[in-house]
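Engineer: Structure here, sequence nowhere to be found:
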């Protein structure tokens, strides 16, 4: 870029000398190499200004290129993470409409991100699940946003899949905030816990059955001892 700035300054010098040579009827070489004091001063000033301007422009372009590169690397890393995690990363506005859904939702629920972005969860969740989600949002919005701006909430919801099935998901959510701390959206991560719920329910059934057997056996022993 220094070379380019130098060339621009030289070209200006030659063009200005050519114009002076024509208007004052003096040899071109004299106008270039031996300008009078006034032309030398003005020509040197403009050439130096052009040189400095191009140099500053070059520095600015380098900084912008470095920023774009850093942003690209950051976006590439984020995309890599979003596309290769099993959990579903998503964002919503405060009307509970999806504004972003990671590609992992395809594996988890069968939907593509485009099929969910822009849709309200009211269209997707069961009425009971939607009421629960809306209640949680209202509770969080009612709190002082400055009390703990980094707080998050965890809840479990039954989510629909594209093929008509259902999965249980653990949702961890936090607010997206503007510079003043005011909530402007929701950032969440959903994890499929269907198998965990199934095991818990199975253990609960076994526990209840065991309690029933204990009660029956206790009753039999009491009746035998009477």
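Structural biologist: That came through fine. This one's a predicted model, so the numbers in the text were calculated from it and none came from an experiment.

Engineer: Mind jotting down where the helices sit in this structure?
Structural biologist: With DSSP state H, the ranges of helices along the chain come out as 2-24, 28-33, 37-84, 105-109, 113-116, 127-142, 194-225.

Engineer: Determine which of these shows the lowest mean per-residue pLDDT.
Structural biologist: Within the helices of the chain, the least confident segment by mean pLDDT turns out to be helix 28-33, at a mean of 54.

Engineer: for the top strand by length along the chain, what is the average pLDDT?
Structural biologist: If you go by DSSP state E, the chain has its longest strand at strand 166-177. Per-residue confidence for strand 166-177 averages out to 89 on the pLDDT scale.

Engineer: which other helices and strands contact that strand?
Structural biologist: Helices and strands touching strand 166-177, by 3 or more CB pairs under 8 Å, 6 or more residues apart in numbering; DSSP states H and E, are helix 105-109, strand 153-160, strand 183-192, helix 194-225. No exception for glycine: its C-beta is placed from N, CA and C like everyone else's.

Engineer: can you do 10 Å?
Structural biologist: The contact analysis (3 or more CB pairs under 10 Å, 6 or more residues apart in numbering; DSSP states H and E) places strand 166-177 against strand 88-92, helix 105-109, helix 127-142, strand 153-160, strand 183-192, helix 194-225.

Engineer: strand partners of it, parallel vs antiparallel please.
Structural biologist: Taking DSSP bridges as the criterion, strand 166-177 pairs within the sheet with strand 153-160 (antiparallel), strand 183-192 (antiparallel).

Engineer: Tell me which of the helices and strands packed on strand 166-177 is the most buried.
Structural biologist: Among those, strand 88-92 has the highest mean neighbour count (mean count of other CB atoms under 10 Å), at a mean of 21.

Engineer: Direction included, what does that one pair against?
Structural biologist: Using DSSP bridges, the strands paired with strand 88-92 are strand 98-101 (antiparallel), strand 183-192 (antiparallel).

Engineer: would you turn these into a markdown table with distance to residue 59?
Structural biologist: Rendered in a markdown table, the data for the strands paired with strand 88-92 read as follows (distance: least, CB to CB, whole Å):
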| stretch | distance to residue 59 |
| --- | --- |
| strand 98-101 | 35 |
| strand 183-192 | 35 |
